[in-house]
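Participant: Only the shape, not the letters, is given here:
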């Protein structure tokens, strides 16, 4: 059974710092790996999707990498801003492409 | 373009009562999903649909039923609500398998 773990559970950084959020998964047979952002009391917003054949994806200040062999993905946020404060969730998509298995998230707080 | 909408936003039920949550999407997506989010458990897939008239079980389907009579709508039913079903319910949709999922704003359900 696929299990997804995110470390750390919470992170506080000053504005401007570069940071890395970690995600690990137990079964390397995945369709893709997705990163989401969730603001308090809101739904999820998709940030990046990395296909199983890809190594990384970039969008603006965000860069996500995928290493299937080691069962790891990282989300790199450059030059963090207070507006980046949210919970970040990673999710491994099963091989059929029909189900996402989510980690419990990393709650990020960026202070000005 | 409203994206994914959910009705209602909040609901309080008594044990044993029934209710239906409605999810609607206007993006012509084939796939739709129902998740629940609980503190300390993360998001878990309840049921999903790969097209009009189809449904399938996810990770935690017990106590729930679903229907997809129209492509744009996905209904989640609770026939006899239990306190263990107190949760935030999210609907999502995607164009096809393994593609980016778009989430609704959620329904906060409390069962007393």
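Facilitator: The structure has been received and is ready for your questions. Model, not experiment: these values are computed from the prediction.

Participant: ok, the nearest residue to residue A:78 once chain neighbours are set aside - how many residues close by?
Facilitator: Leaving aside its sequence neighbours, residue A:78 sits nearest to residue A:61 (CB to CB, 6 or more residues apart in numbering or on different chains; 4.4 Å). Where C-beta positions appear, they are placed from N, C-alpha and C, glycine not excepted. By the criterion of other CB atoms under 10 Å in any protein chain shown, residue A:61 has 13 neighbours.

Participant: Next: the one 4 residues further on.
Facilitator: Residues contacting residue A:65 under the criterion other CB under 10 Å number 18.

Participant: Now it. Nearest residue, chain neighbours left out?
Facilitator: That would be residue A:56: by CB to CB, 6+ apart, it lies 4.4 Å from residue A:65.

Participant: and if you look at residue B:3?
Facilitator: Among residues not flanking residue B:3 along the chain, residue B:102 sits closest, at 5.9 Å (CB to CB, 6+ apart).

Participant: Where do the strands of chain A begin and end?
Facilitator: Ranges of strands within chain A are A:4-7, A:10-14, A:19-25, A:30-38, A:44-51, A:56-59, A:62-67, A:72-77, A:86-94, A:100-102, A:106-111, based on DSSP state E.

Participant: my guess is residue A:10 meets residue A:88, correct?
Facilitator: No: assessed by CB atoms under 8 Å, residue A:10 is found out of contact with residue A:88, at 10.9 Å.

Participant: mind listing what the residue in chain A positioned nearest to chain B touches?
Facilitator: Nearest residue of chain A to chain B (CB to the nearest CB) works out as residue A:97 at 3.1 Å. Taking CB atoms under 8 Å, 6 or more residues apart in numbering or on different chains as the criterion, residue A:97 is in contact with A:31, A:32, B:96, B:97, B:98, B:99.

Participant: Cheers, nothing more for now.
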